[in-house]
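Asks: Got a predicted structure here, sequence first:
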Amino acid sequence: MAQVFEPRLVLWLKLSALAVVAFFVVVILIWRISIAPHPSIGSPVEQIVPFSHKHHVSDVGLDCRYCHTTVETSAFAGMPPTDTCMTCHSQLFADARMLAPVRKSFASGQPLRWNRVHDLPDFVYFNHSIHVAKGVGCETCHGPIDRMPLTWRTATLEMQWCLDCHRAPEKYIRPRDQVFNLHWRPPGSQLILGKKLVEEYRIHTSSLTDCSICHR
Amino acid sequence: MFHKLTARLEGKPIDATPPSNDRGGFWRSLDEIRDAEVFRDYITERFPRFAAHLNVDRREFLKLMSASLALAGMGACSREPQEEIVPYVNASSGRVAGEPRFFATATTMGGFATGVLVESNMGRPTKIEGNPTHPSSLGSTDIFAQASVLDLWDPDRSQVVTRNGQIDTWENFGATLQRRLAALADKQGDGLRILTETVTSPTLAAQIDQLLKRYPRARWHQYDAINRDNIYDGTRTAFGETLDVRYALDKAQIIVSLDADFLGAGNARVRSARDFSHGRGAADGETRPNRLYAAASSPTLTSAMADHPLAVRAADIETAARNLAVALGVPAGTPAEISDESKTWFAACARDLQANRGASVVIAGESQPPYVHALAHLMNHALANAGATVTYSDPVVAHAENQTTSLRELCRDMDTRGVDTLVIIGGNPVYSVPSDLEFKARLTAVPFVARMGLYEDETSAACHWHLPATHFLEAWSDARAYDGTATITQPLIAPLYGGKSAHELLAWLVAGTLKSSYDVVRDYWRPRLGTDFESAWNSALHEGVIAGSMFPQRAVALKRDLSIDNRPPPASTDDSSLELVYTPDPSLWDGSNANNAWLQELPRPLTKLTWDNAALISPQLAKRLSLENEDVIELRLGNAMIEAPVWITPAHADRAVSISLGYGRTRAGRVGNGRGFNAYALRTSDAPWFAGNLQVRKAGRKYALATTQHHHAMNGREVVRVATVDEFERNAALRGAQQHQATRAASLYPPFKSDGYAWGMTINLSTCIGCNACTIACQAENNIPVVGKTEVARGREMHWIRVDRYYEGKPQAPRTHFQPVPCMHCERAPCEVVCPVEASVHDSEGLNVQVYNRCVGTRFCSNNCPYKVRRFNFFQYADQHTESLKAQRNPEVTVRMRGVMEKCTYCIQRIANGRIEADKAGRRIRDGEVITACQAVCPTQAITFGDLNDPASRVKAVKASPLNYALLGELNTQPRTTYLAKVTNPNPDVTAS
């Protein structure tokens, strides 16, 4: 029996099948890249003032709560008003060109506009204060912030990432008094300590994965 | 052939020349061509840029469309936008970013204050709650207070000063005003008139007094379309002085309402509802509920709550009052004959009143003539109620004179050219003044009319100057409650559109200089708050009331020469003639709320109509005139005529037609314009509330109305359970046992367990007055959109809690029952098992949650819900474009997108906040710490919410009542929301007969 398809045609068919597959791969890649949160993990976000957490935390030794004042009381951690910056910068680096926007804001009364580094979707309700109260360290989500000359994101902030901890908080939580310590390491096994803390802090793991914990 | 055929079919003369057509020869009808030309002209005129593209052929059209679709698709894949954080420049004290703050202030209606706490989210007022320390709120509010926050953000509010319709400036107005005032000063203010709404504000009254001192020949008029003229005239008739009357309904065992709607209208409606429900008892079988007799022409919330409603024409209430008075031994002349049915009613009523001397109350309605009020006072005195359940005080309204008389004088002076400068502050007289006074025509004769208002409305259009006013959340002021208690109303936000307050305008008029309303109000109170002004001021702001400002009770004595018994009996009304009754619209009131979409879409308590008013008639009258719902009728009164659609309303007085005021606005704004019909067109100053000799004619067409409740039958199911107090006492235990059995039937599913919290709710049908406050509070709290009349007509309204209304008994004299229906949060929820994407799921605390980001919009859940409480976003109902409306939204609740199902969440955001606060403190949520929006607003506290796992919680105790039952419990859905059966307390004598 004669060949139904000539070899040449078969080659064509194979190539076009490949092309179709390649097309879909490319489309899916483009789609994934385009929906990826911006800015991506590890790339610093451009800001009006190139603020360095590294300098303020590691070199100067400021506590997180000096600027993020409401992190223990409110859903929002708080961003420092311009006059917080000016408590030091009216004296230190008072003429630095880099700080011109801060001085301008203080003089004119127009607020500084910072670009968000961590941005959750609008149907997600995150509360800083309860996480801090239950022993989730700043570093756990924000990474080694004290080593960041400019600020970037270290977590995906995807739901799976949230659930990783909500399903098994013992993997991450630390004693309450170590929440703001960016160099804390578990003295022994994290899991053993974590389980003890889950018990002690009365973390209701059964309800932590309820949809209604984060979505309203 | 083709041409001829088409032309013949259309019945048009055959055109000899075939029509020319750009694109070849085929066409279907002459209309097609004509339309094409009209369309082309339209496009050229309206969108000249697009006219060139009209010749796009099919191929090109497809190309363009595919390109735009592809681009739109790509657009949807764009990255999320970079968001900003904008901190303060200077840290303000006491403000925690992300946490709401509450400020005490007051809303006013008809001049009277209701104390409120306004929630401010980062400086944006978003939600209003009642102020527990304020006497007319006690923590609750009503639909008007709830909706008032939307007015603040209304994009249609007036935003600029206008002069003869042209944009102008405050400076120019000031200069013009200075010139006029200089001229006025020379003639001692002769010709200067101020027209305001009813004023209880002590500061404003003092300012006006100052003005009148400076310009002694000037005059001040107050006018509200819904005013207290009859009440004040009534006390003048009975006691010879102007008094405000207060009723202690919680102390009254027998309450008789003579067309008084103390639950839905009146200056103390929220407080009255609380007191009334208090007297209604917990329906626990221990306290005997009070008994309410209510005679009404058009059914009201009060008559709907009555154990003994009586539908009588408004004009016959006087006869009824006389009969009652005579039965109580009060000299009231010879009463006219009344029907047998009424006789039994009045006899029973009189016996009950006699048996409860000092613990009963007779209340006459604002729409009844002064004579009826005087009779009510006489009866209350004869029954020793005065001083016990009825108390009197000096009038709360400043200069409480008869507003209609005052307005007539203004009109008379306008005719005689005695008015050359008229300043109108608030109100909307061109729209709401009775038609016989022809206010608009008279206004045009006045040389200078300046008008301050929240909207550029009908009145502004007829004035020379329009000045944008501040909303009550934007300016300092003060106001008194029904008992005289004063509240400083503090602003929560700077004026959005550069408006000014009445105080600032008055200060300008008095002193010729601008003075901020803050200074004006403080200067008034400085000498009146004692030695330590600052701390007294701060405490007044914090508490929302000025301590000790309540008006003391007054001892009153009846006039000696009352001559009430020699008043001739009212002219016997012709049986065949019809009566026209004007009622305040349950939502729009006098029309001032016409542009409030929440109120427009709020189903009226009894008719369940939205977005329109209608001519309400009784079923008997409808039968006699062979009218059906939505038939348009002509209502003719004298020379005036309006057309209105009919709505047949059970419990309506026969031979009467009632129409509500407030509709038919022409310059209300985008929401309110052109809706309904204007009842003011028939209203006259002689008969502001009801008039006889109404002519009704069928117009022969229909007008579609949008109602939210289409059927009122319970189809044999015990949807609403009602028992008289005697029945309840006889077999309460039995009923309870049956009910509990029914809700714990066997099931294939494992029982639902909540170990932590188990949220549950009860709704007490005995005390629910059907006022809809829960519906609108829920709307404000949960960012619920409005959908418009067309969508409501399709049954797509979005309210998470609806109030169903059922009738029991004969259609002409039924008893009315209300039943609020939110999501039942079934433990075995039928919605959950049908959701293909698990968007409808249970959480561990027993909440049936709807996960918006999972929902794909199959609507299976809604189809499977036996309670029909799920709401679907068929379109993008939530306004995403109007900037000012975004500011009103609750930041704690997601704004839903098109294609998403939503429903009551038990205010999950409030639970979450309560849980977080309790968790941080390492304790459980306390009972009463989480209060849902509907629970908080409810004037009668009919709703109880709490944790069923807390043995000491109130909701647990309430659920233990034998009256507790599950709605459609036989379906074994095991709802967390349950109802307490309604217990009524009818007089056995009347029921037996």
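Replies: Yep, it's here.
Asks: Quick one: distance of the helix ranked longest in chain A to the chain centre.
Replies: Secondary structure of chain A per DSSP state H: the longest helix is helix A:7-35. Taking CA atoms, centre = their mean, to the nearest Å, the mean C-alpha location of helix A:7-35 is offset from the chain mean by 35 Å.
Asks: do that helix and chain B meet at all?
Replies: Yes: applying CB under 8 Å from any CB of the partner chain, one finds that helix A:7-35 is in contact with chain B at A:30-31, A:34-35. (C-beta placed from N, C-alpha, C; glycine too.)
Asks: Give me the residues contacting the helix or strand just after that helix.
Replies: Proceeding N to C from helix A:7-35, the next assigned helix or strand is helix A:53, under DSSP states H and E. Outside of helix A:53, the residues within contact range by CB atoms under 8 Å, 6 or more residues apart in numbering or on different chains are A:145-146, A:148-149, A:151.
Asks: coming back round to it: which of the residues of helix A:7-35 next to chain B lies closest to B:Leu505?
Replies: Here the nearest of the residues of helix A:7-35 next to chain B to B:Leu505, counting by CB to CB, is A:Ile35; it sits at 54.9 Å.
Asks: OK, contacts around the closest residue to B:Gly111 other than its chain neighbours?
Replies: The spatially closest residue to B:Gly111, leaving aside those adjacent along the chain, is B:Thr198, at 3.3 Å (CB to CB, 6 or more residues apart in numbering or on different chains). Shown in contact with B:Thr198 (CB under 8 Å, 6+ apart): B:110-112, B:222, B:224, B:227-228, B:397, B:403.
Asks: Now do the domain split for chain A, please.
Replies: Per automatic domain parsing, the structural domains of chain A span A:1-34, A:53-79+A:114-214.
Asks: Now chain A against chain B: closest residue?
Replies: Of chain A, the residue with the smallest distance to chain B, taken as CB to the nearest CB, is A:Phe76 at 3.2 Å.
Asks: could you say which helix or strand contains the residue nearest to that residue when sequence neighbours are not counted?
Replies: In space, and not counting its chain neighbours, A:Phe76 is closest to B:Gly98: 3.2 Å by CB to CB, 6+ apart. Secondary-structure element containing B:Gly98, defined by DSSP H and E: none, the residue being outside all helices and strands.
Asks: State the distance from the residue nearest to B:Gly111 to chain A.
Replies: Distance check for B:Thr198 against chain A: by CB to the nearest CB, to the nearest Å, it reads 41 Å.
Asks: ok so, going back, return the item of the residues of helix A:7-35 next to chain B having minimum pLDDT.
Replies: pLDDT across the residues of helix A:7-35 next to chain B is at its lowest for A:Ile35, which sits at 70.
Asks: neighbours of it, just the number please.
Replies: Per other CB atoms under 10 Å in any protein chain shown, the neighbour tally for A:Ile35 reads 13.
Asks: ok, now A:Thr140?
Replies: Neighbour count of A:Thr140, defined by other CB under 10 Å: 18.
Asks: and if you look at A:Pro44?
Replies: When neighbours are defined as other CB under 10 Å, A:Pro44 has 14 of them.
Asks: now do B:Pro495
Replies: B:Pro495 is flanked by 16 other residues according to other CB under 10 Å.
Asks: Which of the three states applies to it?
Replies: Secondary structure assignment for B:Pro495 (DSSP: H, G, I helix; E, B strand; the rest coil): coil.
Asks: Now that it has come up, it's in contact with B:Phe472, right?
Replies: No: here B:Pro495 lies out of contact with B:Phe472, judged by CB atoms under 8 Å, at a distance of 11.4 Å.
Asks: From B:Arg480, how far off is the closest residue to B:Ala540 other than its chain neighbours?
Replies: Closest residue in space to B:Ala540, ignoring its immediate chain neighbours: B:Ile546 at 4.6 Å, by CB to CB, 6+ apart. When distances are taken as CB to CB, to the nearest Å, B:Ile546 and B:Arg480 turn out to be 9 Å apart.
Asks: Please apply the same query to B:Asp919.
Replies: With distances defined as CB to CB, the gap from B:Asp919 to B:Arg480 amounts to 43 Å.
Asks: For those two, indicate the residue with more neighbours.
Replies: B:Arg480 (29 against 19).
Asks: ok, now which ones touch that one?
Replies: Listed by CB under 8 Å, 6+ apart, the contact partners of B:Arg480 are B:112-113, B:200-202, B:396, B:486-487, B:549.
Asks: just those: which has the poorest pLDDT?
Replies: In terms of pLDDT, B:Ser549 ranks lowest among the contacts of B:Arg480, with 91.
Asks: I appreciate the help and will end here.
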